[in-house]
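Visitor: Quick one, what's the 3D model for this:
(one chain, ligands or ions: 2)
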Amino acid sequence: MRALVSLLRRIEGLGGRVRRNGHLIDIHAGSADPVRLRPYLYILLNRYERDHFIAIRNMPVCAMPDAWDHFFQMRGRVSRDSRCTACRFHASCVGPSRGFMPSCFADIPREVAIEVTTACNLACGICFHAGADSRHLPLSALFKVFKQMRHAGCHYVRFTGGEPLLYPHLQKAVITAKKFGFQVSLNTNGLLFDEARAEFFRHYADSILISMQGCDSLSESRLTGIKSDFRAKLRRIRLIANQCRHVRIGTVVSQHLIDHLADYLRILRSAQATYWELYRPIAASLHEDYQLKQGDFIKLVRCLKRYRGPLSIKVANPVPFCIAGDPANNCHLFLGGLWDDGHTRLVLDTRGFYKPSYAMNKDLGTDLLKAWRNPLVRRLRSLVYLPTKCRRCFYAGWCKGGSRQWALHSGGTLWTSDPWMPHE
Ligand code: SF4
Ligand code: SF4
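Guide: Ligands and ions are numbered 1, 2, ... in the order given. I've put the predicted structure just below:
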């Protein structure tokens, strides 16, 4: 803690202003020179992001382009600098300070997630493709997406499914994506990994997300719908974790997880996992294990807050930050809605059209930029539909007022409040 205090003093010494509240560290750049402040902010992020929510304000986003997701992004500070008018952050960025050369962010998706197949070797109760026919994305459609991404300037592609390792052209697709210069991510259940595949993805994947629903054979079998050899699964997770870069484990929160959190944590430790992502179940799941009440999730949040082990744990899809009271006490556990509901990425469906998120089956057409500029997606990103309480909220740029899919499910429209948002 002393190291953190001294780092924050250093930031203040450069002219920055620091506000601490619970797990929030809110840095206002104040009069500091962004170029001098930047190295200290990177140290802060690299060392303390796991246990803190670090927000950066009053500094050009392009001073730290790879930390864009830490910048305060509510509208109202429109940059007046004419060099910034084409920038995606124009409506929320403070703009460049004197002597600083701005570098515009193109208004494009940060990532395209490509559902290469609906085929899967599991039958998870929470799957977006439950009950769908098995189909593969034609290779020609995939290459067309790569060309659109290159044309737009989008550098991040994620291969997902179904189980993408069942896609017959996966290796060719991954090699081609690297030739296009993209950063490649893979979502997989890990079961089809062997030494040869681990070796392939060690070379070609920049990050791998492995799903793990249960914490033993019985629960993994029940939650994935297929009899499971959990020890074999753990062996594969270890193999991937040892061989590949930036490996995360992803688990949809179930009642079983809430009741057996300590077992999950023990198993993840034995599997040498470093990052654990949790996901709020999607609205449409009929599987009883995933029919959580707000109180169940609050219980989980309180348990996670007490965790002091080595794992970095984040809830990676939209949940209202205020679900368990003052967001300052829990914000470090949430990534918010940044990666969902068309805010940052688009998803390509196996039928060849873009959609705003994995769960939101709105056909946005087959052109990447047109899909990104689609009125529905623009409105989703605008947040104008949020209640006043959210629009005034410090966390809204990250929280996004929770999940639009849950708003639709509970209120019949995308534009109503997330049902887990506490009422006054
Ligand atoms: S280009 Fe301008 S608006 Fe965009 S991040 Fe940089 S300073 Fe901000
Ligand atoms: S944006 Fe809305 S839902 Fe999110 S923390 Fe703030 S008040 Fe709660």
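
Visitor: Can you tell me the element the most centrally placed residue in the chain falls in?
Guide: What sits nearest the mean C-alpha location of the chain, by Cα atoms, centre = their mean, is residue 339, with 4.4 Å. Under DSSP states H and E, no helix or strand contains residue 339.

Visitor: Relative to ligand 1, how far out is it?
Guide: 20 Å (Cβ to the nearest ligand atom, to the nearest Å). C-beta here means a position set from N, CA and C on the backbone, and glycine is covered the same way.

Visitor: ok, now residue 309?
Guide: From residue 309 to ligand 1 the distance is 37 Å (Cβ to the nearest ligand atom).

Visitor: Find me whatever residue is spatially closest to that residue, sequence neighbours aside.
Guide: Closest residue to residue 309 apart from its sequence neighbours, by Cβ to Cβ, 6 or more residues apart in numbering: residue 265 at 6.3 Å.

Visitor: Count the residues that sit near that neighbour.
Guide: Per other Cβ atoms under 10 Å, the neighbour tally for residue 265 reads 20.

Visitor: re the thing from before, quick check: bridge partners of the residue nearest to the residue nearest to the centre of the chain when sequence neighbours are not counted?
Guide: Nearest non-adjacent residue to residue 339, counting by Cβ to Cβ, 6+ apart: residue 345, 6.1 Å away. For residue 345, the beta-bridge partners are residue 111 (DSSP bridges).

Visitor: Now do the contacts for residue 345.
Guide: The contact partners of residue 345, by Cβ atoms under 8 Å, 6 or more residues apart in numbering, come to 109, 110, 111, 112, 113, 156, 158, 339.

Visitor: What subset of those is buried?
Guide: Buried subset of the contacts of residue 345 (neighbour count, 16 or more other Cβ atoms under 10 Å): 109, 110, 111, 112, 113, 156, 158, 339.

Visitor: Which two among those residues are spaced furthest apart?
Guide: 112 and 339 (12.3 Å; Cβ to Cβ).

Visitor: Could you export stretch 326-336 as PDB, CA atoms only?
Guide: Provided in PDB are the C-alpha atoms of stretch 326-336 (Å, rounded to 0.1, in the frame of the first residue of the first chain):
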ATOM      1  CA  ASP A 326     -22.200   2.200  -3.700                       C
ATOM      2  CA  PRO A 327     -20.300   1.300  -6.900                       C
ATOM      3  CA  ALA A 328     -17.000   2.600  -5.300                       C
ATOM      4  CA  ASN A 329     -17.000  -0.500  -3.200                       C
ATOM      5  CA  ASN A 330     -17.300  -3.000  -6.100                       C
ATOM      6  CA  CYS A 331     -16.200  -1.200  -9.300                       C
ATOM      7  CA  HIS A 332     -12.900  -3.100  -9.400                       C
ATOM      8  CA  LEU A 333     -14.800  -6.300 -10.000                       C
ATOM      9  CA  PHE A 334     -16.600  -5.100 -13.200                       C
ATOM     10  CA  LEU A 335     -15.500  -4.400 -16.800                       C
ATOM     11  CA  GLY A 336     -19.000  -3.200 -17.500                       C
END
